[in-house]
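**Q** Just the structure for this:
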Amino acid sequence: MNDLAESIESVEQLAAVWRAMVLDRDAGADVRDLPGIAVRWADCRFAFWNCLTLTEVGADAELIGRRLRRAAEIMRAKKYPGFLWLFEDLLDEEARSALGTAVEEAGLQYAFPGTGMAGDLLPVPEPVHPDLTFVRVSTDEQLRAYADLNSRAYDFTLDEGRDGLVGSRLWKNEVFAYLAMRGDVPVACAGAVEAEGRLFVVLVATDPRWQRRGYGEAVTRKALYEGARATGLTRAVLHATAAGAPVYPRIGFKPNSPIHFYALKG
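**A** Residues are numbered from 1 along each chain as shown. This next block holds a predicted model:
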């Protein structure tokens, strides 16, 4: 696949996976597909489940300005904050040059960067790490531990992470969600879920007290290994934060579009 095809794939995977995630969290979640905007908004305290993304390819500056203003209107109408995910490769050159001004005029502000990644890398070898054992999430207690790892890694309160995940049927049954255990202490986690012929890696996190020991990479490999073994899929997709971006190429992922995350101003 060429880079633009992989960037389009990245947006489509986000829309497909987040639709399932937010409907699992709330059957009445806002999952509208509007002109140029996919809404995937659970309106819960876990900000990652409150998501918009722009979907058009080759959008020019005027169109992007309109889409950003509409996205901000939608976000302002919600109870809880979330993020607009913007995939840079989908914009034309003019729109990229004017992006900063358009974001400012829409009443949005830059939150943090990300990178789309994908690869025909499955199956991967079963991972081994001398410090770790791996446990698949199947109980509420394990899912709470998974939520808490994400809260610590992404600087959410514990209540915010738990509001997104605790009680989920999807995460205990359909997501290949794993905890990396150092003894009886969960130190990292990763999930993979089947979506439109791919495995999508989701909510990878390492407790900040245990970072830079290879735990995140090991548990990501475990989720991919088990997901591929169960489904037979050979392609995987993910969206990396800045912390994860150096890790995933070691597994076989290749970067495609930069992702800009935006929140409402103030």
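**Q** contacts for the strand or helix carrying Leu84?
**A** In the assignment (DSSP states H and E), Leu84 maps to strand 83-87. Counting by C-beta atoms under 8 Å, 6 or more residues apart in numbering, strand 83-87 makes contact with 7, 10-11, 14, 47-48, 50-54, 68, 71-72, 75, 99, 108, 111, 114, 116, 239, 257-263, all of which sit outside it. All C-beta spots, glycine's among them, are computed from the backbone N, C-alpha and C.
**Q** Drop anything exposed from these.
**A** When those are checked for burial by 16 or more other C-beta atoms under 10 Å, the buried set is 7, 10-11, 14, 47-48, 50-54, 68, 71-72, 75, 99, 108, 114, 116, 239, 257, 259-263.
**Q** quick one, what contacts Leu224?
**A** So Leu224 contacts Leu121, Leu122, Val124, Ala192, Leu199, Val201, Ala236, Ile251 (C-beta under 8 Å, 6+ apart).
**Q** Give me the below-cutoff pLDDT ranges for the stretch 1-150 of the chain.
**A** In the prediction, the stretch 1-150 of the chain carries residues with pLDDT under 70 at positions 1-3.
**Q** show me what contacts Ala111?
**A** Taking C-beta under 8 Å, 6+ apart as the criterion, Ala111 is in contact with Phe83, Phe261, Tyr262, Ala263.
**Q** quick one: the strands in the stretch 51-200 of the chain?
**A** For the stretch 51-200 of the chain, the strands defined by DSSP state E, counting those that start in this stretch cover 83-87, 108-119, 133-136, 176-182, 185-195, 198-206.
**Q** Output the ones you listed in CSV, with distance to Ala245 appended to each entry.
**A** Output for the strands of the stretch 51-200 of the chain, formatted as CSV (distance: least, C-beta to C-beta, whole Å):
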stretch, distance to Ala245
strand 83-87, 15
strand 108-119, 5
strand 133-136, 23
strand 176-182, 20
strand 185-195, 15
strand 198-206, 12
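**Q** right, so of the ones you listed, which gets closest to Leu143?
**A** Comparing the strands of the stretch 51-200 of the chain against Leu143 with C-beta to C-beta, the closest turns out to be strand 176-182 (7.7 Å).
**Q** In the sheet, which strands lie alongside that closest one, parallel or antiparallel?
**A** Strand pairing for strand 176-182, determined by DSSP bridges: strand 133-136 (antiparallel), strand 185-195 (antiparallel).
**Q** Pull the contacting residues for the nearest residue to Pro125 once chain neighbours are set aside.
**A** Closest residue to Pro125 apart from its sequence neighbours, by C-beta to C-beta, 6 or more residues apart in numbering: Tyr225 at 7.2 Å. Applying C-beta under 8 Å, 6+ apart to Tyr225 gives the contacts Pro123, Val124, Pro125, Glu126, Pro127.
**Q** among those, which ones are buried?
**A** Buried among the contacts of Tyr225 (16+ other C-beta under 10 Å): Val124, Pro127.
**Q** CSV for the contacts of Tyr225, including distance to Gly58?
**A** Listed next are the contacts of Tyr225 as CSV, based on distance: C-beta to C-beta, whole Å:
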residue, distance to Gly58
Pro123, 35
Val124, 34
Pro125, 40
Glu126, 42
Pro127, 40
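**Q** For this structure, which segments count as helices?
**A** For the chain, applying DSSP state H gives helices covering 3-25, 61-76, 93-97, 99-106, 140-154, 158-165, 170-173, 215-231.
**Q** deepest of those helices, which one?
**A** Stretch with highest mean neighbour count among those: helix 215-231 (a mean of 23; mean count of other C-beta atoms under 10 Å).
**Q** Correct me if wrong: Pro113 contacts Phe261.
**A** Yes - using C-beta atoms under 8 Å, Pro113 makes contact with Phe261 at a distance of 7.1 Å.
**Q** hey, what's in contact with both of those two?
**A** By C-beta under 8 Å, 6+ apart, no residue touches both Pro113 and Phe261.
**Q** closest one to Tyr146 among the strands of the stretch 51-200 of the chain?
**A** Across the strands of the stretch 51-200 of the chain, closest to Tyr146 is strand 185-195 (C-beta to C-beta), at 4.8 Å.
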